[in-house]
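S.K.: need a structure here:
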Amino acid sequence: MLIRLFLQTSVWLAGMTALLFVPAGTIAWPEAWSFLGIIGGVGAAAGLWFARHDPDLLRARLSSPFQTGQPAWDKAILSLFFALYLASFVVIGLDAVRWRATVMPAWAEAVGAVCILASYAIIWRVLAENSFAAPVVRIQEERGQRIVMTGPYGVVRHPMYGGAILFLLGTPLLLGSSYGFVFVPLLVILLAVRSVFEERVLAERFPEYAAYAEKVRYRLVPFVW
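M.R.: Below is the predicted model of the structure:
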């Protein structure tokens, strides 16, 4: 499994590197190297930690985002999400470096880095709390899936999506692109739509989910929605 973790992390970083530097037309982009260092370093550290403490979760997280038994609507949402997400890096590279259309102040880039790190901290805490947090919407009968209501799940019903929003906001800030923010509301809307459909699946399978949803009122962001 560690070999698979290494290979998938390497391929993902190589792809992200190409998506950033090819549109930029140069590798002289310190903000992009900082971004890659953060996602590569934190991703590797998290993978090694879960390999030791929850290998079943890591195995699930390393699985394909498109699986047998996965609802068609989930495949459609994920396909659109990934397409927009990857396209955003092309636009960011063009905007921040090749066109130099945006001049982002250093303090804003620093805020972006903090948002990304905070996002990883939230997601790490979520995964540590919920061993069933797979990348696809599917009831894991084989693992005895249950509804997790503790930790971050006592604050919002989809804390991983909430953490992802911080990542989406922090990325164009750190990379110095105002054009990158065009994609953020679209991606957040897709996360919100997915959360609604996901809850329908959970409510059908777990009778206790309705009481949980009544107790924890907010889906993604406390006191907002």
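
S.K.: Report the rounded mean pLDDT for stretch 47-67.
M.R.: If you average the pLDDT over stretch 47-67, you get 86.

S.K.: Now do that stretch: distance from first to last residue.
M.R.: Across its full length, stretch 47-67 reaches 21 Å between end residues, using Cα to Cα, to the nearest Å.

S.K.: Same check on stretch 131-139?
M.R.: For stretch 131-139, the separation between the terminal residues is 13 Å (Cα to Cα).

S.K.: Can you name the residues in contact with it?
M.R.: Residues from elsewhere that reach stretch 131-139, judged by Cβ atoms under 8 Å, 6 or more residues apart in numbering: 54, 56-57, 60-61, 63, 65-67, 69-71, 74, 78, 126-127, 140, 143, 145-146, 148, 160, 194, 197-198, 201, 205. Yep, even glycine has a C-beta here, placed from its N, CA and C like the rest.

S.K.: change it to 6 Å
M.R.: Residues lying outside stretch 131-139 but in contact with it, judged by Cβ atoms under 6 Å, 6 or more residues apart in numbering, are 54, 57, 60, 65, 67, 69-71, 74, 127, 140, 145, 198, 201, 205.

S.K.: Geometric centre of this structure: which residue is closest?
M.R.: Centrality entry for the chain: nearest residue to the mean C-alpha point is residue 164, 4.5 Å, by Cα atoms, centre = their mean.

S.K.: could you pull out the helices for this protein?
M.R.: With DSSP state H as the criterion, the chain has helices at 2-24, 30-53, 55-61, 72-93, 106-129, 159-175, 183-205, 209-215.

S.K.: Out of those helices, which one sits most buried?
M.R.: helix 159-175 (a mean of 22; mean count of other Cβ atoms under 10 Å).

S.K.: residues making contact with it?
M.R.: Judged by Cβ under 6 Å, 6+ apart, the contacts made with helix 159-175 from elsewhere in the structure are 31, 35, 92, 96, 108-109, 111-113, 115-116, 118-119, 122-123, 126, 152, 156, 180-181, 184, 187-188, 191, 195, 220-221.

S.K.: looking only at pLDDT, what's the mean for it?
M.R.: 97.

S.K.: can you check stretch 89-109 too?
M.R.: Mean pLDDT, computed over stretch 89-109, is 95.

S.K.: What's the end-to-end length of it?
M.R.: Terminal residues of stretch 89-109 lie 16 Å apart, using Cα to Cα.

S.K.: Outside of that stretch itself, list whatever touches it.
M.R.: 19-20, 23-25, 29, 173-180.

S.K.: Now distance to residue 43 too, for those, in a markdown table please.
M.R.: Written out in a markdown table, the entries for these read as follows (distance: Cβ to Cβ, whole Å):
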| residue | distance to residue 43 |
| --- | --- |
| 19 | 16 |
| 20 | 16 |
| 23 | 22 |
| 24 | 22 |
| 25 | 26 |
| 29 | 20 |
| 173 | 20 |
| 174 | 16 |
| 175 | 17 |
| 176 | 22 |
| 177 | 22 |
| 178 | 27 |
| 179 | 25 |
| 180 | 20 |
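
S.K.: Widest-spaced pair of the residues you listed?
M.R.: The two members of these with the most space between them (Cβ to Cβ) are 25 and 173, at 21.6 Å.
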